[in-house]
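Visitor: return atomic coordinates for the entry below.
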Amino acid sequence: MAGALTRLQFGSLPIDPPLLLAPMAGISHSPFRRLLAELGGVGLFATEMLSARSLPSENPRLSPFLIRTAAEHPLSYQLLITDPREAAPAVDALAPANPQAIDINLGCPAPRVRCRGGGSRLMQEPERARAVVAAVRRATPLPLSAKIRLGEQLDEAALVEFCRMVEGEGVDLITVHARLRGEPYGRTPRWGWIGMVKQAVGVPVVGNGGIFSVEDARRCLDASGCDGFMVGRGGVVRPWLFAELAAWLDGRPAPLPPARPVLFFRFLTYLEQGLAPERRLGRLKEFTHTFSQTYPFGHTLASSVQASATVEQARTRARRFFLASDPVGLEACG
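Guide: This is a model prediction of the structure:
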C-alpha cells in the first residue's frame with residue numbers, strides 16, 4: 001500500500017515525500033529543522049505555534065520563532081489565532097520570512113491555549129472557527145491548512161461537518177491528530193477516524209499521532225487511507241525517522257541511522273549558530289527530554305541536562321552519559 005502514497009499536492013505546493021514535520025512548541029525551530037534537513041525525508045517543515053497577536057512585533061531576522069535557513073524549505077508557519085481581526089496583520093508580518101504555506105491551529109489541547117480561545121477551543125465554537133479560517137484565507141493566497149483533533153467526544157457527524165466547513169472556507173489540506181482533545185499522547189491513536197474525514201472531504205488529509213516507526217505508519221495508512229503523515233515526537237526521539245519513512249515509501253532499504261551522540265552535538269552546534277545565547281539552554285532541554293527516549297536509560301541523560309545551569313554544563317554532562325551508554329557513538333564525534 002505504500003506505493004500508492006506518493007507526492008502530495010497541497011494547493012499550489014507539491015510535497016514530496018508526503019511527510020510533514022509537526023509544529024511542536026520549543027522543538028520545531030530552525031536548529032531542529034536544520035538537523036532534519038541534513039538527515040533528509042521531510043517534505044514540508046513547520047514552525048512552532050506562533051501567536052497571531054504577537055507576530056506583528058516580532059523581528060523575522062532575530063526572532064527564534066521566525067528565523068530560518070535556506071535548507072528549511074518548504075516551510076509552513078502555524079498560527080495560533082483566536083480573533084479574525086488578527087489574521088491580516090499576522091499574515092503581513094510573516095511576509096519577510098517568506099513562508100511557503102500557513103497552518104491554522106485548531107487542535108492544541110493545552111489549557112493555556114484554550115483559555116485564550118484558541119487551538120481545540122475553536123472546534124467547540126464552529127462559527128468562530130469559520131470566521132477565523134475565512135479571515136486567514138482572505139489574507140493570503142498561500143496554501144492553507146488546518147490541524148485538528150477529533151473533538152471533545154467521538155461524534156462522526158460533528159467531526160465531518162466541521163471538516164467540511166473548514167474545507168468550504170478555503171483550506172487546502174487538513175491534518176487530523178487522531179485523538180480526542182482530552183486524550184493523552186500515551187493513548188493509542190484512533191487512526192480509523194482519519195479515514196472518516198478522508199472520505200468526507202475533497203482536500204488531502206494527513207494523518208498525525210503515534211507514528212514512531214515505519215510499522216506505525218503502515219498501520220496508520222492501512223486504517224485511514226491518509227494522503228500523508230505528520231510526524232512529531234517520533235521524529236525527535238529518532239530524527240532519522242523521516243529518512244526511514246521516505247525510503248519505505250520509495251521501496252528502498254532504510255538508511256543506516258547516524259550515531260546518536262553525533263546528532264545530539266550537531267543539534268547543539270546548530271543551536272549555538274542559530275539562536276541568541278539566552279535562547280539555547282531551554283531549547284536544548286526541550287529537545288533532550290524527548291530525544292533521550294532513544295536510549296533504554298535515557299532518563300539519566302534527560303535529568304542531567306534538565307538540571308544544568310549552562311549550555312556548557314549540559315554539554316559536559318551529556319558527554320559523560322554517552323561515554324557510559326554509547327561509547328562507540330561518542331567516538332564517531334571525533
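
Visitor: okay, strands next: where are they in the stretch 101-250 of the chain?
Guide: Counting by DSSP state E, counting those that start in this stretch, the segments of the stretch 101-250 of the chain that form strands are 101-106, 144-148, 173-177, 205-208, 228-231.

Visitor: make JSON lines out of the ones you listed and add mean neighbour count, mean pLDDT and distance to residue 90.
Guide: (Each C-beta comes from the backbone N, C-alpha and C, glycine too.) Shown next, in JSON lines, are the strands of the stretch 101-250 of the chain (neighbours: other C-beta atoms under 10 Å; pLDDT from 0 to 100; distance: least, C-beta to C-beta, whole Å):
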{"stretch": "strand 101-106", "mean neighbour count": "25", "mean pLDDT": "97", "distance to residue 90": "9"}
{"stretch": "strand 144-148", "mean neighbour count": "26", "mean pLDDT": "98", "distance to residue 90": "13"}
{"stretch": "strand 173-177", "mean neighbour count": "27", "mean pLDDT": "98", "distance to residue 90": "19"}
{"stretch": "strand 205-208", "mean neighbour count": "27", "mean pLDDT": "98", "distance to residue 90": "23"}
{"stretch": "strand 228-231", "mean neighbour count": "26", "mean pLDDT": "98", "distance to residue 90": "22"}
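
Visitor: so which residues of the stretch 151-300 of the chain form helices?
Guide: For the stretch 151-300 of the chain, helices defined by DSSP state H, counting those that start in this stretch occupy the ranges 156-168, 191-200, 214-224, 234-237, 241-250, 260-274, 277-291, 298-306.

Visitor: quick one, the second one and strand 173-177 angle?
Guide: Angle of helix 191-200 versus strand 173-177, following axes from the mean of the first three to the mean of the last three C-alpha atoms, to 10 degrees, is 160 degrees.

Visitor: and for the fifth one?
Guide: Here helix 241-250 points in a direction 110 degrees away from that of strand 173-177 (the same axes, to 10 degrees).

Visitor: list the buried ones in helix 241-250?
Guide: By neighbour count on 16 or more other C-beta atoms under 10 Å, the buried set for helix 241-250 is 241-249.

Visitor: what of the third one?
Guide: Buried residues in helix 214-224, counting neighbours by 16+ other C-beta under 10 Å, are found at 214, 216-217, 220-221, 223-224.

Visitor: now these in TSV, with distance to residue 52 and pLDDT?
Guide: Listed next are the buried residues of helix 214-224 as TSV, based on distance: C-beta to C-beta, whole Å; pLDDT from 0 to 100:
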residue	distance to residue 52	pLDDT
214	36	97
216	32	97
217	32	97
220	30	97
221	33	97
223	34	97
224	30	96
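
Visitor: with distance to residue 149 added, can I get the residues you listed in CSV?
Guide: Compiled in CSV, those are given as follows (distance: C-beta to C-beta, whole Å):
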residue, distance to residue 149
214, 24
216, 18
217, 19
220, 16
221, 20
223, 17
224, 15
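
Visitor: which one of those residues is nearest residue 199?
Guide: Here the nearest of those to residue 199, counting by C-beta to C-beta, is residue 224; it sits at 9.8 Å.

Visitor: against residue 281, how distant is the closest one?
Guide: According to C-beta to C-beta, to the nearest Å, residue 224 and residue 281 sit 39 Å apart.

Visitor: what do you get for residue 42?
Guide: Residue 42 is 26 Å from residue 281, by C-beta to C-beta.

Visitor: what do you get for residue 46?
Guide: 23 Å.

Visitor: what about the two, which has more around it?
Guide: residue 46 (25 against 19; other C-beta atoms under 10 Å).

Visitor: so which helix or strand takes in that one?
Guide: Element membership for residue 46, per DSSP states H and E: strand 45-51.

Visitor: ok, residues contacting that strand?
Guide: Contacts to strand 45-51, defined as C-beta atoms under 8 Å, 6 or more residues apart in numbering, come from residues 20-29, 33, 36-37, 65-66, 72-80, 90, 103, 105, 108, 113.
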